[in-house]
Every structure is written in structure tokens, then in C-alpha cells.
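Engineer: Any chance you can model this:
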Amino acid sequence: MNGKKAKKPPGAPSPPEFFSPQVFSARRFYLDLNPAPHIPLAVVSGGCEQCTPDYSIHRATFAFDSLEFVLRGRGTVKLRGRTTELQPGMLFSYGPGVRHDITAAGPGPLVKYFVDFTGPAALPLLRSCHLAPGGISRVFQIGEVQTFFDELIRSGLRGSRYAPDLCAGLLHCLALKIAESRSPLAGSGNLSFATFQTCQQYIQTHFLELRTLEQIARECHLHRVYLCRLFHRYNHQSPYQYLMRLKMNRAAELLLEPGAMVKQVAEQVGFEDPFHFSRAFKAALGLSPRAFCRLR
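Structural biologist: Sure thing, here's the model as predicted:
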């Protein structure tokens, strides 16, 4: 757009009136803006907007549930009377009956993604990623979350007969990714989250040598009880379960190589006892190593 009103291509849908004109440029898609009420989850529109310095939205309500994601820039959002500063990686939601005020706050442009949706499954989906209407959160995997939004836009713009179902499926995946990569807001557990990230990265780097929970705790210089508390809070599993998942994924790759032997693979991922390895492999992947090898 570049400050000028772009011409609408022949046959293209007109932007709904709820979009702000205070935008430099945008990529937006529109699906059915009046979906049947029996559809569990219907994505109606979405996109990415680069906002002008004077961007300011003030609404007492909104027709659909909406999820917004800040990619770059700064600003503020006021939800249910509470104002929060926006920065890259932050997400917030609003919907029918939720007043929201969104304002850009330089120096660079505010760039944000959004997706609007409705249906009986909309509210449970938002709650599943801790973003019920009026909620705000932050993610540390910004690039991965952006990937889901970009694919939503691509699928919506294609306009194929599969676009509504594709977008609904991608929205489900987006909610799972947000739940997986949530991090605390400023001032609410940043130190503990940083400690968790350090420990998680250590396990990712050294998982082949690590064998026990006690060893992980010792290498991370933490008490094992506190380490478990961190992982249950931010990863929803124990550090030992996380370690086993990394080991078994690597073991599966090794077992698919020609001539691979279970005993050798067990040793490569840190198991002295091949029977212990077989039990751990089946517990993680649902098949014994020999049954998995037969899949080749």
C-alpha cells in the first residue's frame, strides 16, 4: 500500500470495515465471514500488518475471537482495563464483549500478525494455550510461531476448496506451538525461565552422555527437585523424560541405518544394558527396537 489506497483486484473480497486504515502495508486473506454456526472452528480472516506510527485501535467489542502476535516493534495493548507494553514475541487475544485498545509506540514500525475465527471450539482452543479472550502471553520461539502464521496466510490466500479446513487445522497447530513455547511475561519468573532454558539447552547438547536425573542436576548445578519443578512448569514433563525422548529419537535414526544392531545402538545412546534400552525404546515409541527395525 505504501500510504496509498491499493486498487482491489477484480473479484477480490472487500476488506471488512473492522480493519484499520493506519497501516503501511498488509497481507490479508478473507474466508467465509458468516460461517454456519454448526462448524466447530471457522477461520474467517487473517494476515500480517505493518502499522503506521499513529496506529491506534479502540474497540468496545469485536465480532470474532481474535489472536494477535507481535513480530517487530513496540506498542501497548489495554485489555479489560489493564495496559501492557508490547514487544516482539507477545500474543494477545480479544473477542465479543472484550474491550481492547492497541497503540503503536515507535521508533520502528509495529509489525503484527492476526487471525480471526469463530465457532463453539474457539474458546476452548484459546484456553488451551492460556489465551482466553483478554489474555496476553509471550513465546520464546518467535520464528516457529511466525511460520504457522505465514502458512495460515498462504493457505488463506490460495482460496482453494480446502482453505477453510487447512486454516482451521493450522490454527489448532498454532495453539499447540504457543502452549509449547510460552515464556513468562516481564517480571514474572524470568530468572527461573532463563535457568530452565539453560538446562534444556545443556540436555539437548549432551544428551548422548547424560544417563540419570542426578547427573543432569549435577551438571546443571541444581537440586534435582528444583530441576524437576522447572521442567514440569515450562516443559510439562520431567527432565529425565525429556532426556529419554532425545535419546530414543536419536536411536530411531540409528536403527534405520543399514546393518544397524540393537546392542550397538544402545551403546551409542548411552545404555550399557540392551534390555534396559529396549524397554525404554518401547516406552517412548510404542514399539520394540526389533519391531521398529522391521519397518525398514
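Engineer: only C-alpha atoms for contact and neighbour calcs from this point on.
Structural biologist: Noted.
Engineer: could you dump stretch 265-273 to PDB, C-alpha only?
Structural biologist: The C-alpha atoms that make up stretch 265-273 are tabulated as PDB, following Å, rounded to 0.1, in the frame of the first residue of the first chain:
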ATOM      1  CA  VAL A 265      22.700 -48.500  19.000                       C
ATOM      2  CA  ALA A 266      22.000 -49.000  22.700                       C
ATOM      3  CA  GLU A 267      25.700 -48.200  23.500                       C
ATOM      4  CA  GLN A 268      25.700 -45.200  21.200                       C
ATOM      5  CA  VAL A 269      22.900 -43.500  23.100                       C
ATOM      6  CA  GLY A 270      24.300 -44.300  26.500                       C
ATOM      7  CA  PHE A 271      22.800 -47.700  27.500                       C
ATOM      8  CA  GLU A 272      25.100 -50.500  28.800                       C
ATOM      9  CA  ASP A 273      22.200 -52.900  29.100                       C
END
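Engineer: Enumerate every residue touching residue 237.
Structural biologist: Residue 237 makes contact with residue 231 under the criterion C-alpha atoms under 8 Å, 6 or more residues apart in numbering.
Engineer: and the worst-scoring helix or strand of the chain on mean pLDDT, what does it pack onto?
Structural biologist: Least confident helix or strand, the chain: strand 182-183 with a mean of 82, by mean pLDDT, DSSP states H and E. For strand 182-183, the elements it packs on are strand 136-139, judged by 3 or more C-alpha pairs under 8 Å, 6 or more residues apart in numbering; DSSP states H and E.
Engineer: can you map out the strands along the stretch 1-150 of the chain?
Structural biologist: 23-30, 42-51, 56-59, 65-72, 75-79, 82-86, 90-94, 100-104, 111-118, 136-139 (DSSP state E, counting those that start in this stretch).
Engineer: Against which helices or strands is the fourth one packed?
Structural biologist: What that stands for is strand 65-72. Checking 3+ C-alpha pairs under 8 Å, 6+ apart, strand 65-72 ends up next to strand 90-94, strand 111-118.
Engineer: ditto for the third one
Structural biologist: Packed against strand 56-59, as judged by 3+ C-alpha pairs under 8 Å, 6+ apart, are the following elements: strand 100-104.
Engineer: at 10 Å instead, please
Structural biologist: Helices and strands touching strand 56-59, as assessed by 3 or more C-alpha pairs under 10 Å, 6 or more residues apart in numbering; DSSP states H and E, comprise strand 75-79, strand 100-104.
Engineer: Specify the angle between the last one and strand 90-94 in degrees.
Structural biologist: Relative orientation of strand 100-104 versus strand 90-94 (axes from the mean of the first three to the mean of the last three C-alpha atoms, to 10 degrees): 150 degrees.
Engineer: same check, this time on the first one
Structural biologist: Taking the same axes, to 10 degrees, one finds that strand 75-79 is oriented at 40 degrees with respect to strand 90-94.
Engineer: Sketch out the low-pLDDT regions of the stretch 151-296 of the chain for me.
Structural biologist: 185-189, 296 (pLDDT under 70).
Engineer: can we see that at 90?
Structural biologist: 159, 180-194, 196-197, 200, 232-237, 256-260, 293-296 (pLDDT under 90).
Engineer: and the nearest residue in space to residue 248 that is not next to it in sequence, helix, strand or coil?
Structural biologist: Leaving aside its sequence neighbours, residue 248 sits nearest to residue 281 (C-alpha to C-alpha, 6 or more residues apart in numbering; 5.9 Å). What DSSP: H, G, I helix; E, B strand; the rest coil gives for residue 281 is helix.
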